[in-house]
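Trainee: Need a 3D model of the sequence below.
(one chain, ligands or ions: 1)
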Amino acid sequence: MKRNIKSFTLDELKDEMISIGEKPFRAEQIFKWIHQENVLSFDEMTNISKELREKLKEKYSINNFKIIKKLTSVDGTKKYLFDVLDGNAIESVLMEYKHGFSICVSSQIGCKMGCKFCASTGIPFVRSLEAGEIVEQILAVQREEDVKISNIVFMGIGEPLDNYDNVIKAISIINNPKGLNIGTRHISISTSGLVPNIYKLAKENIQCTLSVSLHSSNNEKRSEMMPVNDAYPIEKLMEACREYIKITNKRISFEYALAKDNNDNLDDAKDLVKLLKGMLCHVNLIPINKIDNGKYVKSTNDNIIKFRDYLNDNGIVATIRRELGADISAACGQLRRTELKKE
Ligand code: SAH
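Mentor: Okay, the predicted model is just below:
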């Protein structure tokens, strides 16, 4: 099978060129055509000879996703359903903020984590995305909208730390100045708490923001919401987070989805303060979004504000995440994979 040219880092592409008897500078030319010019075919690479273009076509593919469906929210957020060319479809979301465009990308087709409040997990897991398929979500949206994306959040379908190597590789491709040139400071990775890979990420020496889905500071409650807590309970998770902060000197963003009568009362807020006291961190409160057959219901606005104020008054910086795209099921936890019907 032909290899997807979008999945190579620039260094790997240089090695590839050498291995097929070409000069390494060709890699730079191709990389720029793909990631900066966003071309759809080798034939558009006009500074490359026809001969070499034919050779490239034989060896590699340029996988361009097809947009099957695009929905636009009243708040301007856009959701895309992409055909990933193997009979499956994934979703990505484009959001516009004052500071620019931000994209929420998927890292897997489906998710193994089983969080009870998330729509990405209800349907069977298919596979992890290749690095090039992660990058392609950005390229495809830039082609469609003619915009320059400046921020990336790994908060779409899938657990990014369960597709560790491809996510790290995608970040290296996205970050390259000869490519999309998006600084790692503008990239966030959200994890449900895969402890061993939090330690691994700490040593990568990249400036990404790490978000950790906490949702409760009580093991029993967290396990009920997130089965991953049975494997990596809160104490182990916090140990890893502390070590991450120590090594990277970066603050962690803890995500906390507030569900009515579940994890949103003042006692929960008190426990959270106890757990996070003294840590270099920030709490991102997410009013929980309703999903089909989900048992959790959004907290009242009153409770959300009280919860935030309690944290802030007790030394924990907390903000409420803006709810974008809920009317088109593009908000946190509402993305899902789709199996395409065979013709
Ligand atoms: N797998 C990663 C990315 C998930 S999406 C992770 O678990 O962190 C980003 C955030 O949205 C996570 O914190 C996730 O727990 C949260 N989320 C999932 N479903 C949600 C829902 N229905 N309402 C609000 N937040 C939700």
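Trainee: all contacts plus neighbour counts: C-alpha atoms, from now on.
Mentor: Fine.
Trainee: Regarding the residue in the chain that the ligand sits nearest to, what is its secondary structure?
Mentor: Scanning the chain for the residue nearest the ligand gives G333, at 3.0 Å (criterion: CA to the nearest ligand atom). Per DSSP: H, G, I helix; E, B strand; the rest coil, the secondary structure class of G333 is coil.
Trainee: For it, which non-adjacent residue is spatially closest?
Mentor: Here the nearest residue to G333 in space, its sequence neighbours aside, is C118; by CA to CA, 6 or more residues apart in numbering that works out to 4.5 Å.
Trainee: That neighbour and L56, how far apart?
Mentor: Spatial separation of C118 from L56 under the definition CA to CA, to the nearest Å is 41 Å.
Trainee: who's more crowded, those two?
Mentor: Relative neighbour count places C118 above the other of C118 and L56, with 25 against 18, counting by other CA atoms under 10 Å.
Trainee: That one is in contact with A331, isn't it?
Mentor: No - taking CA atoms under 8 Å as the contact criterion, C118 and A331 are not neighbours in contact, 10.6 Å apart.
Trainee: ok, S188 - contacts?
Mentor: Taking CA atoms under 8 Å, 6 or more residues apart in numbering as the criterion, S188 is in contact with 152-154, 208-211.
Trainee: buried sites along stretch 219-232?
Mentor: Using 16 or more other CA atoms under 10 Å as the burial criterion, the residues of stretch 219-232 that qualify are 219, 222-223, 225-229, 232.
Trainee: all helices in the stretch 201-343 of the chain, in order from the N-terminus.
Mentor: Along the stretch 201-343 of the chain, counting by DSSP state H, counting those that start in this stretch, helices occupy 219-225, 228-231, 234-248, 266-276, 301-313.
Trainee: send the alpha carbons of the fourth one over as PDB?
Mentor: Put plainly, it is helix 266-276. Coordinates of each C-alpha in helix 266-276 appear next as PDB, following Å, rounded to 0.1, in the frame of the first residue of the first chain:
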ATOM      1  CA  LEU A 266     -20.200  22.700  47.500                       C
ATOM      2  CA  ASP A 267     -18.800  19.600  49.100                       C
ATOM      3  CA  ASP A 268     -17.400  18.600  45.700                       C
ATOM      4  CA  ALA A 269     -15.900  22.000  45.400                       C
ATOM      5  CA  LYS A 270     -14.300  21.700  48.800                       C
ATOM      6  CA  ASP A 271     -12.800  18.300  47.900                       C
ATOM      7  CA  LEU A 272     -11.400  19.800  44.700                       C
ATOM      8  CA  VAL A 273      -9.700  22.600  46.500                       C
ATOM      9  CA  LYS A 274      -8.100  20.100  48.900                       C
ATOM     10  CA  LEU A 275      -6.900  18.000  46.000                       C
ATOM     11  CA  LEU A 276      -5.400  20.800  44.000                       C
END
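Trainee: how many degrees apart are that helix and helix 301-313 in direction?
Mentor: With axes from the mean of the first three to the mean of the last three CA atoms, to 10 degrees as the criterion, the two stretches helix 266-276 and helix 301-313 enclose an angle of 30 degrees.
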